[in-house]
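Colleague: Below are the sequence and a predicted model for it; my questions follow.
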Amino acid sequence: MAIAWPSWFANRFRIYWNEAINDLDLNLTKNGAILAANKTSLMIAEQIDNRRSESSPTKLRRMLYFLMPVLLIVGALIVYKSSAALTVIGKVSNTGVFTPRGNIIPGVAASQAGVLTRTLNYFLVIWPALVFGILISAAVSTFVSPQWLARLLEKRSLRSQAIAGLAGAPLMLCSCCVAPIFTGVYERSARLGPSLGLMIAAPALNPAALILTFMLFDYKVGMVRLGASITAVLFTGLIADRVLGQTRVHCDKDDWQAGARPTDFVHFVRACGRVAIRLLPVIIIGVVLSMIVAQLIPVRAFDSTTAKLVAILVVAAVAVPLALPTFFEIPLALILLASGAPIGAAVAMLIAGPSVNLPSLFTIMRSTNWKVAAIVAISIWTLAVGAGILVSLF
């Protein structure tokens, strides 16, 4: 039988052609997948490089965005307080006398006003600093990362207490005005010890007040005040934290702080209102009660030098709740010495007077509980009494 050669060759060619086409498609598919994978890898690597190159500037810009409002407010406060302090120091240097505003504390500058008048005059003196305290508290609550603040202020360590003291001293605020900042730092970081250390450092380690103390009193008085104030800043918060154990406080998250947005300043304005509504009533009540206490104390209650220890104990007990504007502990201590009280009583006033008062203790109680406020008050009273006794022995 004869074979149809043209037809056979055509069929075989068709079969080989189809196989070649299939092999070519398979190779192209494999090569395309490899190329796509390589392209994807290159894109991922490029994205990683871009993120690495952009992460540092972006993080730095975000950090500056959130820290700048706090730094601007704190800087303005330091300029305001420093200018006022330099004016007072200059007058004392020229005259050798410190004359505070009258009608706030009985016995100071021939003050004869009633409780309400004293309260009004007190707020007329401190209101700019109190506004700064509210602004700083709101800025901390709005712009400062709670995770960063918690890492900076380690729990129960002298290092964190020292950092808090160094942060509080330049503020030069009285105990009333720094109370809102305590609330902002505590509720943002959940660190009780450093928050208390910052609150005590602002009035107790006020550089201008310490300079005036060395100018108007014996150097021993200045050294004892400085040592007792440092001890209060370093250990009062640690004692409260250790005695009460773990403290619980609501700490905000950073969710809405992922990027810098104009709405953050809306949060800041709302935080200012929230701080004012929460704390101003407490501070006002504390000031009124403090003025009532001051009104009930006889002006010449500490004239006798026969009971030095009793005088120190009583002066320290009176000074703890007393609301004093910045520097007012100094004329009170001078009045005590002029009236015949022992030097230890004056030292007790210099230490306990500025460190805490009823408004700040009420603020601590409002943010934590009465036990923390009691521990702070007892610690300051004990330090004031111990310092008064120490200076009386030398």
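Modeller: Alright, I've got the coordinates. It should be emphasised that the depicted structure is a prediction, and the values quoted were computed from it without experimental measurement. Numbers count the residues shown, from 1 in each chain.
Colleague: what residue ranges in the protein are flagged as low confidence?
Modeller: 1-66, 102-103, 105-113, 245-264, 297-307 (pLDDT under 70).
Colleague: Buried ones in the helix or strand where residue 265 lies, by neighbour count?
Modeller: For residue 265, the element it lies in under DSSP states H and E is helix 263-296. Buried positions in helix 263-296, judged by neighbour count with 16 or more other CB atoms under 10 Å: 264, 267-268, 271-272, 275-276, 279, 282-283, 286-291, 293-294. C-beta here means a position set from N, CA and C on the backbone, and glycine is covered the same way.
Colleague: Also stretch 352-372?
Modeller: For stretch 352-372, the neighbour count (16+ other CB under 10 Å) marks 352-368, 372 as buried.
Colleague: For the closest residue in space to residue 289 that isn't next to it in sequence, give me its contacts.
Modeller: Nearest non-adjacent residue to residue 289, counting by CB to CB, 6 or more residues apart in numbering: residue 358, 5.4 Å away. Going by CB atoms under 8 Å, 6 or more residues apart in numbering, residue 358 touches 286-287, 289-290, 293, 321-323.
Colleague: and with 10 Å instead?
Modeller: Going by CB atoms under 10 Å, 6 or more residues apart in numbering, residue 358 touches 175-176, 282-283, 285-293, 320-323, 373, 377.
Colleague: quick one, helices of this structure?
Modeller: Here the chain has its helices, by DSSP state H, at 5-95, 115-143, 146-152, 158-168, 175-189, 192-204, 207-216, 219-244, 263-296, 308-319, 329-338, 343-355, 358-367, 370-393.
Colleague: counting contacts, what elements does the fifth one pack onto?
Modeller: Counting contacts by 3 or more CB pairs under 10 Å, 6 or more residues apart in numbering; DSSP states H and E, helix 175-189 packs against helix 5-95, helix 115-143, helix 146-152, helix 158-168, helix 192-204, helix 263-296, helix 343-355, helix 358-367.
Colleague: elements contacting the third one?
Modeller: Yep, that's helix 146-152 we're talking about. Looks like helix 146-152 contacts helix 5-95, helix 158-168, helix 175-189, helix 192-204 (3+ CB pairs under 10 Å, 6+ apart).
Colleague: how about a cut-off of 7 Å?
Modeller: If you count contacts as 3 or more CB pairs under 7 Å, 6 or more residues apart in numbering; DSSP states H and E, helix 146-152 packs onto helix 175-189.
Colleague: and if you look at the fifth one?
Modeller: With contacts defined as 3+ CB pairs under 7 Å, 6+ apart, the secondary structure elements packing on helix 192-204 are helix 158-168, helix 175-189, helix 219-244, helix 343-355.
Colleague: for that helix, the distance to its chain's centre please.
Modeller: Distance, stretch centre to chain centre, for helix 192-204: 8 Å (CA atoms, centre = their mean, to the nearest Å).
Colleague: Kindly report the same for the third one.
Modeller: In terms of CA atoms, centre = their mean, the gap separating the centre of helix 146-152 from the centre of its chain is 12 Å.
Colleague: C-alpha coordinates for stretch 189-209, CSV please?
Modeller: Provided in CSV are the C-alpha atoms of stretch 189-209 (Å, rounded to 0.1, in the frame of the first residue of the first chain):
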residue,chain,number,x,y,z
SER,A,189,2.8,59.2,82.7
ALA,A,190,1.2,57.3,85.6
ARG,A,191,4.4,58.0,87.6
LEU,A,192,3.4,59.3,91.1
GLY,A,193,6.9,59.8,92.6
PRO,A,194,8.4,62.0,89.8
SER,A,195,5.1,63.9,89.4
LEU,A,196,5.2,64.8,93.1
GLY,A,197,8.9,65.6,92.8
LEU,A,198,8.3,68.1,90.0
MET,A,199,5.4,69.7,92.0
ILE,A,200,7.6,70.2,95.1
ALA,A,201,10.7,71.3,93.2
ALA,A,202,9.0,74.3,91.5
PRO,A,203,8.4,76.3,94.8
ALA,A,204,11.0,74.6,97.1
LEU,A,205,14.0,74.8,94.7
ASN,A,206,13.0,78.1,93.2
PRO,A,207,16.5,79.6,92.4
ALA,A,208,15.4,83.2,93.1
ALA,A,209,13.9,82.2,96.5
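Colleague: in that stretch, what counts as buried?
Modeller: 189-206, 208-209.
Colleague: same check, this time on stretch 149-160
Modeller: Within stretch 149-160, the residues that qualify as buried are 149-150, 152-153, 160, counting by 16+ other CB under 10 Å.
Colleague: same deal with stretch 82-94?
Modeller: Applying 16+ other CB under 10 Å to stretch 82-94 flags 84-85, 88-89, 92 as buried.
Colleague: Farthest pair within those?
Modeller: 84 and 92 (12.9 Å; CB to CB).
Colleague: Pick the most buried one from the helices and strands packed on helix 192-204.
Modeller: Among those, ranked by average contacts under mean count of other CB atoms under 10 Å, first place goes to helix 343-355 (a mean of 30).
Colleague: list the helices and strands that helix packs on?
Modeller: By 3+ CB pairs under 7 Å, 6+ apart, helix 343-355 packs against helix 192-204, helix 219-244, helix 308-319, helix 329-338, helix 370-393.
Colleague: neighbouring contacts of it?
Modeller: 174-175, 200, 203-204, 209, 213, 221, 224-225, 228-229, 232, 302, 308, 311-312, 315-316, 319-320, 322, 324, 329, 332-333, 336-337, 380-381, 383-385, 387-389, 391-392 (CB atoms under 7 Å, 6 or more residues apart in numbering).
Colleague: ok, residue 275 to residue 101 distance?
Modeller: According to CB to CB, to the nearest Å, residue 275 and residue 101 sit 27 Å apart.
Colleague: same question, residue 227
Modeller: 30 Å.
Colleague: List the contacts of the closest residue to residue 353 other than its chain neighbours.
Modeller: Closest residue to residue 353 apart from its sequence neighbours, by CB to CB, 6+ apart: residue 329 at 3.4 Å. With contact set as CB under 7 Å, 6+ apart, residue 329 has these partners: 349-350, 353-354.
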